[in-house]
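Asks: no sequence for this one, just the structure:
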């Protein structure tokens, strides 16, 4: 919607010469108190021939005008026609439209990440808007959502965890001994893989030659024992749990 300006001190005036229905300028007696352009004037104010014009420029007492504004009809006006600065129906319509867009993308001239967030208020769009965000994922407020821990069920005698196992529980189920090898170059500091021996075969946790695993033991103690493999630095892991 185009901007328009208003004044509470604009004084009424008159045309000092007649205009036709196609004139694009008019001369008035005075421009006292007029606002910056553009603004709206009523020519032949409160008469049957009243016409609204949009003033787009002022040079002395000569006004450049767009005719038939806001659905009125461009007609000829005689010398002495009353001219008054007014608020039009379009002003009120535009204001209401703006109110209706108050929380939508593009309202108030907003663009970019803020406009995207106002249009679609998701966690990802908010994170894109905040410049010092260090976390990721969905927002969590006063009551945290219930998070289901994923389970990766393994039944072989060897297993090498993958990145998708971070924050999951890897169950190890075999009647024979099981070797779990922690790989280098996969996990980052702070990531954790949980493991549990649910079969009779005892689980041994080891590094791959580049990665190192330390703890009070290297094996899960008995069936149903569990432990966490915590990455404490690049290729460095701590085994914590029910160990032997």
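Replies: Cool, got the structure. Bear in mind the structure is a predicted one, so any value in this text is a computation, not a measurement. Numbers count the residues shown, from 1 in each chain.
Asks: could you pull up the mean pLDDT of the helix ranked longest in the chain?
Replies: Taking DSSP state H as the criterion, the chain has its longest helix at helix 89-100. If you average the pLDDT over helix 89-100, you get 81.
Asks: any low-confidence regions in this structure?
Replies: 1-2, 99-110, 144-147 (pLDDT under 70).
Asks: can we see that at 90?
Replies: Across the chain, the ranges flagged by pLDDT under 90 are 1-3, 91-149.
Asks: quick one: what helix or strand has the most far-flung residue of the chain relative to its centre in it?
Replies: Farthest-out residue of the chain from its mean C-alpha position, per C-alpha atoms, centre = their mean: residue 79, at 55.7 Å. Here residue 79, judged by DSSP states H and E, is contained in no helix and no strand.
Asks: list the contacts of it.
Replies: Residues in contact with residue 79, defined by C-beta atoms under 8 Å, 6 or more residues apart in numbering, are 14, 15, 16, 17, 18. In short, each C-beta sits where N, CA and C put it, glycine included.
Asks: counting neighbours, which bits of the longest helix of the chain end up buried?
Replies: residue 90 (16 or more other C-beta atoms under 10 Å).
Asks: helices and strands around it, which ones?
Replies: Helices and strands touching helix 89-100, as assessed by 3 or more C-beta pairs under 8 Å, 6 or more residues apart in numbering; DSSP states H and E, are absent.
Asks: what element comes up after it heading to the C-terminus?
Replies: Past helix 89-100, the next helix or strand by DSSP H and E is helix 112-119.
Asks: list the contacts of the following helix or strand past that next one.
Replies: Sequence-wise, the next helix or strand downstream of helix 112-119 (DSSP H and E) is helix 123-129. Here helix 123-129 makes contact (C-beta under 8 Å, 6+ apart) with 113, 114, 116, 117, 133, 135, 136, 137, 138, 139.
Asks: list the contacts for the residue nearest the centre of the chain?
Replies: In the chain, the residue lying closest to the centroid (C-alpha atoms, centre = their mean) is residue 117, at 1.8 Å. Counting by C-beta under 8 Å, 6+ apart, residue 117 touches 125, 126, 128, 129.
Asks: the closest residue to it other than its chain neighbours: how many residues sit nearby?
Replies: Closest residue in space to residue 117, ignoring its immediate chain neighbours: residue 125 at 4.3 Å, by C-beta to C-beta, 6 or more residues apart in numbering. Residues near residue 125, counting by other C-beta atoms under 10 Å, number 16.
Asks: with the one 4 residues further on instead?
Replies: Look at residue 129: counted by other C-beta under 10 Å, it has 15 neighbours.
Asks: how much space between it and residue 136?
Replies: 14 Å (C-beta to C-beta, to the nearest Å).
Asks: do residue 175 as well
Replies: 41 Å.
Asks: residue 134 sits in which helix or strand?
Replies: Counting by DSSP H and E, residue 134 is found in no helix or strand.
Asks: can you get me a residue count around it?
Replies: 6.
Asks: cool, residue 139 as well?
Replies: 10.
Asks: and the one 4 residues further on, by the same measure?
Replies: Neighbours of residue 143 under the rule other C-beta under 10 Å: 6.
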